[in-house]
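Undergrad: Predicted model and sequence below, questions to follow.
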Amino acid sequence: MRATFGRLATHVVAGLALAGVGMTSSAAVWPVTAASARTAQEKPSEDIEISQSLIGSYLAGRFARVQNDTDAAARYYQAALMRDPGNEVLLEQAFLMESTEANWPRAIVLADELARSSPTHRMARLFLGLAAFKNGQLDKAEEHLAASGNGPIGELTSALARAWTKLAGNNADEAIALLEIPKQAEWAQYYLRYHRALIADLSSRRADARASYERVFKQDPRTLRTALAFTQHAANSGDVKMAKSIIKEHLDKSQGDGHPLARELRDKVNGNAKIPLLIESPTEGLAEVFYGLGEALTGEGGVSIGILYLQMALFLQPDQPFALAALANAHETTRKFEDANAVYNRISPGSALQPAIDIRKAFNLNALDRVDEAKAMLEQVAAADPSDLKPLDALGNIMRSKKRYLEATDYYSRAIALIDKPEKRHWSYFYARGTSYERLKKWPLAEADLLKALQLYPDQPLVLNYLGYSWIDQGRNLKQGLSLIEKAVSLKPEDGYIVDSLGWAHFKLENYKDAVRYLERAVELRPEDPVLNDHLGDALWRVGREREARFQWEQSLSLEPEADDAKKTTAKLLKGLPAKPIARAPKKVKEAGRPTQQRKRETKLAPDAPFFQ
């Protein structure tokens with residue numbers, strides 16, 4: 001499942017990435033002096049070796065930031081500022097890093113300095129507005145937030161934040177008026193309507209709220225957050241029939257069983273429980289603005305700025321579970337798995353999210369090579385609800401990622417035994433067990449599972465690719481196998497691994513010219529993969545392009561292939577290929593033993609981010 005407001009991300013990434021500078025003068029929210037500002041930055045932490053030069057600290061900070069080590073980056077920039085206190089670039093970078101790390105006392109000081117030295121700095125003014133709001137200084141918050149409204153993205157963020165500030169001052173009319181921005185694009189109108197509905201709901205304008213909810217829900221009933229808000233609005237207004245209809249439509253159009261919070265809300269509505277509004281205060285509403293933007297950004301590649309927005313949401317509402325989950329997911333994206341689990345631990349235990357949280361934490365433990373801990377955690381989740389397939393699926397995926405295929409088949413079999421009548425959505429269980437059987441050299445069992453997966457989902461590229469290549473590799477069903485792989489490529493033409501399978505299938509069938517054509521394309525799509533480069537080298541050799549073949553084999557070795565593959569490639573560099581093609585045992589698809597990157601991509605069949613729709 002992906003993010004709640006993913007539709008916004010492609011539009012806001014570019015704009016927000018450039019939002020570092022741009023605004024007007026402001027006084028500090030909290031009184032500070034130049035002396036206190038310097039004091040707040042005086043001593044870098046002793047657990048990091050700080051360069052003794054300005055340029056050294058600056059470059060070290062940049063390097064740490066590129067490595068997603070924002071804590072170290074903050075300290076390096078802090079050290080650089082000691083040597084050049086008025087440097088605006090250092091001020092900006094230090095502010096961004098301290099905010100990303102949620103070091104709010106230092107961030108406040110830096111934001112104030114930055115706003116004074118660069119009065120149109122958008123992010124500094126935005127954060128100072130939030131700090132003023134949190135401190136109850138609504139006029140000061142309005143001043144800062146109004147100054148942060150340059151450009152379409154700035155205008156959207158500023159309008160939303162100012163609207164909630166107006167509502168905090170009991171001025172609902174001005175709040176709603178601020179959200180009337182006709183020139184904003186349709187994707188932004190969706191977001192504006194959603195917040196108009198929330199503000200109207202909270203200010204007891206139920207008809208206005210319902211009209212706005214209806215528009216956003218009609219536009220996309222699958223979006224979790226708006227579905228929850230609309231359902232809770234209807235139930236809280238006493239219209240239980242409408243509430244049931246809304247959440248049913250959302251779940252019917254969702255993938256799988258739907259989000260656990262949506263299922264929980266459905267059960268509460270059906271049980272006639274008292275249902276509160278989704279947003280119950282202006283502070284929660286303002287936090288929702290930054291959660292929504294931050295979550296959308298991190299889901300579409302704008303991780304750094306997305307984390308900053310999520311931290312601002314948590315600055316306002318530290319226990320917001322969706323913002324915490326989105327922040328943890330962002331840490332996973334940057335491979336900071338310890339940090340991700342620390343954030344997951346901040347989510348209040350015992351909610352409907354708990355099983356999904358524990359599954360994510362287990363995957364992170366696995367990524368840290370703490371497999372036994374991951375396994376124990378998932379066994380506990382499975383024991384708590386013996387009817388839940390997800391922890392068993394996660395256990396199977398983890399065992400498979402560690403090449404513990406026998407254990408993997410056991411977990412997948414336990415999951416499959418819980419399925420009364422397999423449906424399309426269950427294809428992955430049969431596929432995963434089938435690939436595990438294939439690795440155990442139990443082909444009859446593997447083939448049966450792969451055929452079952454294909455029956456459930458005839459257009460699934462992974463199944464088409466794996467089964468088709470397996471047949472060709474064994475010299476069976478050659479025409480049908482090639483047809484399956486060709487169909488997989490037609491469905492995912494930009495997947496380098498599937499294109500490689502088609503090229504390698506042609507190689508096995510001695511169609512070397514076609515093999516070169518597809519394998520060259522595969523390497524274009526995945527130049528970093530050693531096996532794909534090795535395959536291309538073999539095909540080039542067979543068509544007489546021996547110098548190019550040796551180049552590809554050398555390239556393959558430079559990409560650190562697995563030890564057995566490296567030995568074979570080294571031998572080919574010395575002697576070339578034999579005059580007569582020999583039977584090789586190439587890796588089927590990345591899932592079946594190619595390098596780590598793709599193994600992870602295909603074995604990670606559990607939801608990528610279980611908290612969002």
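TA: Yep, it's here.
Undergrad: what number of residues lie near M242?
TA: By the criterion of other Cβ atoms under 10 Å, M242 has 18 neighbours. Yep, even glycine has a C-beta here, placed from its N, CA and C like the rest.
Undergrad: which element is D565 on?
TA: helix 563-575 (DSSP states H and E).
Undergrad: Okay, the spatially closest residue to E528 that is not a sequence neighbour and I498: tell me how far apart.
TA: Counting by Cβ to Cβ, 6 or more residues apart in numbering, L559 is the residue found nearest to E528 once chain neighbours are left out, at 6.3 Å. Using Cβ to Cβ, to the nearest Å, L559 is found at 19 Å from I498.
Undergrad: Neighbour count for those two, which is higher?
TA: Neighbour count, other Cβ under 10 Å: between L559 and I498, I498 has more, with 28 against 16.
Undergrad: any idea which element the more buried one lies in?
TA: Counting by DSSP H and E, I498 is found in helix 496-508.
Undergrad: Next, the angle from the following helix or strand past that helix to helix 496-508.
TA: Note on helix 496-508: by DSSP H and E, the next helix or strand toward the C-terminus is helix 512-525. If you take axes from the mean of the first three to the mean of the last three Cα atoms, to 10 degrees, helix 512-525 sits at 160 degrees to helix 496-508.
Undergrad: list the buried ones in helix 512-525?
TA: Within helix 512-525, the residues scored as buried using 16 or more other Cβ atoms under 10 Å are Y512, D514, A515, V516, R517, Y518, L519, E520, R521, A522, V523, L525.
Undergrad: ok, and what's touching it?
TA: 489, 494-497, 499-500, 502-504, 506-507, 529, 532-533, 535-536, 539-540, 542-543, 545, 552 (Cβ atoms under 8 Å, 6 or more residues apart in numbering).
Undergrad: coming back round to it: so for the helix holding I498, what's the average pLDDT?
TA: In this model, helix 496-508 carries a mean pLDDT of 95.
Undergrad: what does stretch 119-128 give?
TA: Averaging pLDDT along stretch 119-128 yields 92.
Undergrad: Give me the buried positions along it.
TA: H121, R122, M123, A124, R125, L126, F127, L128.
Undergrad: Quickly find the element holding the third one.
TA: It refers to M123. Here M123 is assigned to helix 122-134, by DSSP H and E.
Undergrad: how about the CA coordinates for that helix, as PDB?
TA: The C-alpha coordinates for helix 122-134 follow below in PDB (Å, rounded to 0.1, in the frame of the first residue of the first chain):
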ATOM      1  CA  ARG A 122      10.500  30.200   3.100                       C
ATOM      2  CA  MET A 123      11.300  27.200   5.400                       C
ATOM      3  CA  ALA A 124      12.600  29.400   8.200                       C
ATOM      4  CA  ARG A 125       9.500  31.600   8.200                       C
ATOM      5  CA  LEU A 126       7.200  28.500   7.900                       C
ATOM      6  CA  PHE A 127       8.800  26.900  11.000                       C
ATOM      7  CA  LEU A 128       8.800  30.100  13.000                       C
ATOM      8  CA  GLY A 129       5.000  30.300  12.200                       C
ATOM      9  CA  LEU A 130       4.500  26.800  13.600                       C
ATOM     10  CA  ALA A 131       6.500  27.700  16.700                       C
ATOM     11  CA  ALA A 132       4.500  30.800  17.200                       C
ATOM     12  CA  PHE A 133       1.200  28.900  16.800                       C
ATOM     13  CA  LYS A 134       2.400  26.300  19.300                       C
END
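Undergrad: Now do it: which elements does it pack against?
TA: helix 88-100, helix 104-117, helix 138-147, helix 151-168, helix 282-299, helix 303-316 (3 or more Cβ pairs under 8 Å, 6 or more residues apart in numbering; DSSP states H and E).
Undergrad: Is it possible to get a markdown table of those that adds mean neighbour count and distance to D201?
TA: Converted to a markdown table, the helices and strands packed on helix 122-134 look like this (neighbours: other Cβ atoms under 10 Å; distance: least, Cβ to Cβ, whole Å):
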| stretch | mean neighbour count | distance to D201 |
| --- | --- | --- |
| helix 88-100 | 23 | 30 |
| helix 104-117 | 22 | 30 |
| helix 138-147 | 21 | 21 |
| helix 151-168 | 23 | 11 |
| helix 282-299 | 26 | 10 |
| helix 303-316 | 24 | 19 |
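Undergrad: Turn the ones you listed into a markdown table, columns for distance to Y344.
TA: Output for the helices and strands packed on helix 122-134, formatted as a markdown table (distance: least, Cβ to Cβ, whole Å):
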| stretch | distance to Y344 |
| --- | --- |
| helix 88-100 | 18 |
| helix 104-117 | 21 |
| helix 138-147 | 31 |
| helix 151-168 | 27 |
| helix 282-299 | 15 |
| helix 303-316 | 13 |
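Undergrad: In terms of mean pLDDT, which of the ones you listed ranks lowest?
TA: Looking at the helices and strands packed on helix 122-134, the lowest mean pLDDT belongs to helix 88-100 (a mean of 84).
Undergrad: Run through who's touching stretch 443-459.
TA: Contacting residues not belonging to stretch 443-459 are listed as 422-424, 426-428, 430-431, 433-438, 460, 463-464, 466-467, 470, 474, 487, 491 [Cβ under 8 Å, 6+ apart].
Undergrad: Buried only: go through those for me.
TA: Among these, the ones that count as buried by 16+ other Cβ under 10 Å are 426-428, 430-431, 433-438, 460, 463-464, 466-467, 470.
Undergrad: Which ones among those residues lie within strands?
TA: Among those, no residue falls in strands (DSSP state E).
Undergrad: Flag the shaky bits of this protein, pLDDT-wise.
TA: Confidence mapping of the chain against pLDDT under 70 gives the ranges 1-54, 56-58, 60-61, 63-65, 73-74, 76-77, 79-84, 580-613.
Undergrad: Which parts of it belong to which domain?
TA: Following automatic domain parsing, the chain resolves into domains at 6-270, 489-602.
Undergrad: any idea how far stretch 353-373 is from the chain center?
TA: 16 Å (Cα atoms, centre = their mean, to the nearest Å).
Undergrad: For the closest residue to L314 other than its chain neighbours, list the residues it contacts.
TA: Nearest residue to L314, sequence neighbours excluded (Cβ to Cβ, 6+ apart): A323, at 5.4 Å. Going by Cβ under 8 Å, 6+ apart, A323 touches A287, F290, Y291, G294, E295, L310, A313, L314, Q317.
Undergrad: Please consider this matter closed, and thank you.
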